[in-house]
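Undergrad: sequence and predicted structure, then a few things I'm wondering about:
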Amino acid sequence: MTDKVLILGGRGRIGGSVAQDIANHTQAEITITGRTPDTKTPYRFLVLDLADSEKLQQAIASHNLVIHCAGPFHYRDANVLKFCIEQGVNYLDVSDHRSYTIKALKYHEQAVAAGVTAIVNTGIFPGISNSIVRKCVEQFDTPEKVHLSYLVSGSGGAGVTVMRTTFLGLQRPFDAWINSQWQSVKPYSEREIIYFPSPYGRTGVYWFDMPETFTLPQAFPSLKTVITKFGSVPDFYNHLTWIAAHIFPKSWMQNPGAIEFLAHVSHFMTDVTNRFSGIGVAVRSEVTGQKDGKIATYCSTLVHQNTAIASGCGTGSIAQLLLDRKLQRPGVTPQEEALPTDLFDYIMQSRNIRIDSNWL
């Protein structure tokens with residue numbers, strides 16, 4: 001029987017990249033959804049509003065795997081996951097905010113009982129970045145500190161939804177795991193210069209709330225500190241984002257209309273700068289801990305020329321593992337808990353994604 005994959009929000013840049021990766025690496029029948037008709041997509045298309053629970057449940061029931069790409073996830077409920085568990089259908093998402101991750105993880109026991117594998121926070125960051133951390137952590141007797149840095153050129157090849165996500169992430173302080181306790185951190189604060197591989201070099205990054213800020217301390221209990229920082233290329237975007245986070249009145253940043261305006265203006269600007277900045281992504285994971293009785297540091301880096309395609313590879317590769325029955329992990333778990341490192345290495349190599357690692 002042919003496997004059937006349903007991609008919610010599959011018409012967007014990220015969802016489209018996920019669909020393309022699955023089409024490249026499996027024989028699955030792919031259906032993508034959107035709220036209005038689409039006659040141009042090469043895949044089966046279903047007009048679907050996620051608020052239509054009855055139609056959503058019917059769509060889920062006729063598929064083997066559901067992939068939720070309909071962000072932003074800041075205010076999404078977990079009904080898609082809930083319906084997947086009820087229908088016994090495996091689930092992936094590209095969620096990128098801890099509020100949604102917390103909602104999803106509450107369904108863990110129900111998913112275990114139903115034998116449903118539900119993996120949240122797949123993509124590039126979170127996603128591939130989480131598995132890179134796991135690979136680094138496994139080098140140590142006792143890992144103690146993670147410093148994750150992400151860098152995106154221009155728009156990253158993604159749509160306006162990603163811009164919305166960035167500005168939504170600036171709205172309020174968040175808790176980070178620092179020195180074995182949760183401490184409040186201001187978004188886009190504490191600029192730090194990080195060295196990324198070519199073509200980026202030394203670039204500024206800032207505190208940014210990501211799901212892995214919350215999930216990594218849960219996955220690896222010996223960690224005392226988890227730092228997640230994000231930056232943009234060209235660097236002047238960093239300064240504009242800092243102004244939005246620290247100078248604009250809070251009432252502006254918490255106004256949906258203002259967020260929409262900023263997202264569209266930013267996307268227009270990146271359409272211009274993409275021509276010379278590119279749309280690539282870089283991830284740098286640095287883990288410090290105890291190794292053979294000494295303090296040591298292990299660093300891994302990844303560079304990809306297209307952020308959206310990298311995200312599609314991250315989610316699509318896990319979809320492939322699920323469809324090939326090579327990965328079964330009943331429950332709701334983030335990628336760093338669900339995906340063993342040997343399988344991660346296998347899927348990265350199959351997509352020619354290179355990860356460089358070394359002891360510092």
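TA: Happy to help now that I have it.
Undergrad: tell me who's in contact with the closest residue in space to His68 that isn't next to it in sequence.
TA: Leaving aside its sequence neighbours, His68 sits nearest to Asp93 (Cβ to Cβ, 6 or more residues apart in numbering; 3.8 Å). (Each C-beta comes from the backbone N, C-alpha and C, glycine too.) Asp93 makes contact with 67-69, 73, 80-81, 104, 119-122, according to Cβ atoms under 8 Å, 6 or more residues apart in numbering.
Undergrad: repeat for Thr122
TA: 92-94, 314-315, 318, 335.
Undergrad: in strands, which of the residues you listed appear?
TA: Secondary structure from DSSP state E places 92-93 of the contacts of Thr122 in strands.
Undergrad: nearest to Trp177 among the contacts of Thr122?
TA: The shortest approach to Trp177 among those belongs to Gln335, at 18.0 Å (Cβ to Cβ).
Undergrad: my read: the closest one touches Ser131, true?
TA: Yes: taking contacts as Cβ atoms under 8 Å, Gln335 lies within contact range of Ser131: 5.9 Å.
Undergrad: nearest residue to the middle of the chain?
TA: Closest residue to the average C-alpha location of the chain: Pro126 at 3.0 Å, with Cα atoms, centre = their mean.
Undergrad: surely that residue is in a helix?
TA: Yes: the assignment for Pro126 (DSSP: H, G, I helix; E, B strand; the rest coil) places it in a helix.
Undergrad: any weak-confidence spans in this protein?
TA: Judged by pLDDT under 70, the chain has no weakly predicted residues.
Undergrad: could you list the domains of it?
TA: The chain breaks down by automatic domain parsing into domains covering 4-122+310-353, 125-307.
Undergrad: so how far is the longest one from its chain's centroid?
TA: What it means is domain 125-307. Relative to the centre of its chain, domain 125-307 is centred 11 Å away, using Cα atoms, centre = their mean, to the nearest Å.
Undergrad: can you check stretch 90-100 too?
TA: Taking Cα atoms, centre = their mean, one finds stretch 90-100 lying 8 Å from the centre of the chain it belongs to.
Undergrad: residues in contact with the residue nearest to the centre of the chain?
TA: Pro126 is in contact with 95-96, 210-212, 215, 334-335, counting by Cβ under 8 Å, 6+ apart.
Undergrad: what of Asp96?
TA: By Cβ under 8 Å, 6+ apart, Asp96 lies in contact with 71-73, 121, 123, 125-126, 165, 210-211.
Undergrad: just the helices in the stretch 151-300 of the chain please.
TA: For the stretch 151-300 of the chain, helices defined by DSSP state H, counting those that start in this stretch occupy the ranges 160-168, 211-219, 236-246, 250-253, 256-277.
Undergrad: repeat for the stretch 1-150 of the chain
TA: Using DSSP H, counting those that start in this stretch, the helices of the stretch 1-150 of the chain run over 13-25, 53-61, 79-87, 98-105, 108-114, 129-137.
Undergrad: that older thread, figure out which of the helices of the stretch 151-300 of the chain is closest to Ala176.
TA: Ala176 sits nearest to helix 211-219 of all these, at 5.5 Å, using Cβ to Cβ.
Undergrad: next, the angle from that closest one to helix 129-137.
TA: Put simply, helix 211-219 runs at 40 degrees to helix 129-137, going by axes from the mean of the first three to the mean of the last three Cα atoms, to 10 degrees.
Undergrad: which of the residues in helix 211-219 are buried?
TA: By neighbour count on 16 or more other Cβ atoms under 10 Å, the buried set for helix 211-219 is 211-217, 219.
Undergrad: just stretch 105-122 next, same as before
TA: 105, 107, 110-112, 114, 116-122.
Undergrad: before we move on, what about stretch 84-91?
TA: Applying a neighbour-count criterion of 16+ other Cβ under 10 Å, one finds 84-85, 87, 89-91 buried in stretch 84-91.
Undergrad: cool, stretch 294-301 as well?
TA: Across stretch 294-301, burial judged by 16+ other Cβ under 10 Å covers 296-301.
Undergrad: do stretch 72-87 as well
TA: Under 16+ other Cβ under 10 Å, the buried positions of stretch 72-87 are 72-74, 76, 78, 80-85, 87.
Undergrad: next one: stretch 51-65
TA: Quick answer for stretch 51-65 (16+ other Cβ under 10 Å): 56-57, 59-60, 63-65.
Undergrad: and that stretch, how far from the chain's centre?
TA: Computed by Cα atoms, centre = their mean, the chain-centroid distance of stretch 51-65 equals 23 Å.
Undergrad: so what touches it?
TA: By Cβ under 8 Å, 6+ apart, the residues outside stretch 51-65 that reach it are 3-6, 28, 31, 33, 46, 48-50, 66, 79-80, 83-84, 86-87, 89-92, 319, 322-323.
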